[in-house]
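Enquirer: sequence and predicted model, in that order:
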Amino acid sequence: MEHKCLNCSATSNDAVLLSCEHKGQELFVCVKCLPILIHGAH
Ligand SMILES: [Zn+2]
């Protein structure tokens with residue numbers, strides 16, 4: 001199974017994906033979207 005960025009659906013083929021955890025769920029976010037997450041945009 002391929003992991004996808006939670007924000008833009010990029011796979012690890014498209015960008016570097018980072019794993020994180022939110023409310024007990026493992027999520028993945030790419031480095032392009034990480035700043036968006038940090039700044040809390042929804
Ligand atoms: Zn992304």
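Expert: Alright, I've got the coordinates. Being a predicted model, the structure only gives us computed values, none of them experimental.
Enquirer: Thr11 and His3, how far apart?
Expert: When distance is defined by CB to CB, to the nearest Å, Thr11 is 7 Å away from His3. Glycine gets a C-beta too; all of them are placed from N, C-alpha and C.
Enquirer: shared neighbours of the two, which are they?
Expert: Shared contacts of Thr11 and His3 (CB atoms under 8 Å, 6 or more residues apart in numbering): Leu17.
Enquirer: need the pLDDT of His42.
Expert: pLDDT recorded at His42 is 59.
Enquirer: how about the residues of this protein that lie near the ion?
Expert: Cys5, Asn7, Cys8, Ala10, Cys30, Cys33 (CB under 5 Å from the ion).
Enquirer: mind putting these into TSV with neighbour count?
Expert: Compiled in TSV, the residues of the chain next to the ion are given as follows (neighbours: other CB atoms under 10 Å):
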residue	neighbour count
Cys5	22
Asn7	16
Cys8	13
Ala10	20
Cys30	21
Cys33	20
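Enquirer: okay, and which of these map to strands?
Expert: Cys30 (DSSP state E).
Enquirer: so which bits of the helix or strand bottoming out on mean pLDDT in the chain are buried?
Expert: Least confident element among the helices and strands of the chain, by mean pLDDT, DSSP states H and E: helix 34-39 (a mean of 87). Using 16 or more other CB atoms under 10 Å as the test for burial, helix 34-39 gives Leu34, Leu37.
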